[in-house]
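> Have a look at this prediction, sequence included:
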Amino acid sequence: MSFSGLLRCKTLLALRCRPVFLRSFSSKTDGEIRITKTLKEKFPLATSLKVVDISGGCGAMYEIHIESDEFRGKRTVQQHQLVNQALKEEIQAMHGLRIFTDIPRK
């Protein structure tokens, strides 16, 4: 990405986000709650699920860690496609998404 593209990206994020210092890290944002609920419904076998708004609380970027037996036998890209499909509505309003998937150890 060019410097001007990066600057434009940061400017858009700054305009969309409320100041970071207003967020208490012990509470979840509405977006984190909504995404967690959606993923729990789509992946009922998930043994571990963590959703974090990494944009400072404005909902522009999330990081998802999910461990589910539903990923067994699938390549990483296929696992990520399943998560993307589950969140297809929410993704439209996001700037970015980091996905980390895993299979439970037996």
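That came in fine, so what should we check first? Numbers count the residues shown, from 1 in each chain.
> C-alpha only now, for contacts and for neighbours.
OK.
> Contacts for stretch 40-49, please.
T36, I64, H65, I66, E67, S68, D69, E70, A86, P104 (CA atoms under 8 Å, 6 or more residues apart in numbering).
> isn't I54 right up against E32?
No. Here I54 does not reach E32: they are 10.2 Å apart, not a contact under CA atoms under 8 Å.
> distance of D69 from V51?
For D69, the distance to V51 (CA to CA, to the nearest Å) stands at 18 Å.
> And these two? Which one has more around it.
Under the criterion of other CA atoms under 10 Å, the comparison of D69 against V51 puts V51 first, with 21 against 15.
> Tell me which two in the contacts of stretch 40-49 are the farthest apart.
Farthest pair in the contacts of stretch 40-49 (CA to CA) is A86 and P104. Separation: 19.7 Å.
> Excluding residues flanking it in the chain, which one is nearest the most centrally placed residue in the chain?
Nearest residue to the geometric centre of the chain (CA atoms, centre = their mean): Y62, 3.4 Å. The shortest distance from Y62 to any non-neighbouring residue, by CA to CA, 6 or more residues apart in numbering, is to D53 (4.5 Å).
> residue contacts, the one you found?
D53 neighbours (CA under 8 Å, 6+ apart): T29, G31, E32, G59, A60, M61, Y62, E63.
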